[in-house]
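Asks: no sequence for this one, just the structure:
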């Protein structure tokens, strides 16, 4: 198993994201596991590079994945605070942003 690259803090999900995962029969952990190991999913090359840089500088991380039913799911882990901690990771639909 690949090691986690960063802590996620508190994990939360929007009602829309929960519904999309339930409809596809997928668990949040499936998407979160990819996110924390640095598989940023279907983000473009620019966002992929920003995420790789965020592992170094502590800024926000954004991943995007498709459910088996074709719904796009985003996972956003907030930037580190002054103590170097990431407070929260949110699973959401793009329209929830």
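Replies: Alright, I've got the coordinates. Note that the coordinates shown come from a computational prediction; the quantities given were computed from them, not determined experimentally.
Asks: can you give me phi and psi for the most centrally placed residue in the chain?
Replies: By C-alpha atoms, centre = their mean, the chain has its centre lying nearest to residue 75, at 2.5 Å. Dihedral angles of residue 75 (phi, psi; degrees, to the nearest 10) stand at phi -130, psi 120.
Asks: Could you pull out the buried residues of the longest helix along the chain?
Replies: When the chain is parsed with DSSP state H, its longest helix is helix 45-57. Using 16 or more other C-beta atoms under 10 Å as the test for burial, helix 45-57 gives 47, 48, 50, 51, 54. In this view, the C-beta of every residue, glycine as well, is placed from N, C-alpha and C.
Asks: Relative to residue 37, which of these is nearest.
Replies: Using C-beta to C-beta, residue 51 is the member of those that lies nearest residue 37, at 11.8 Å.
Asks: Which neighbouring elements make contact with the longest helix of the chain?
Replies: strand 61-66 (3 or more C-beta pairs under 8 Å, 6 or more residues apart in numbering; DSSP states H and E).
Asks: Compute the inter-axis angle for the strand it packs on and helix 45-57.
Replies: Going by axes from the mean of the first three to the mean of the last three C-alpha atoms, to 10 degrees, strand 61-66 is angled at 140 degrees with respect to helix 45-57.
Asks: Fine by me, thanks again.
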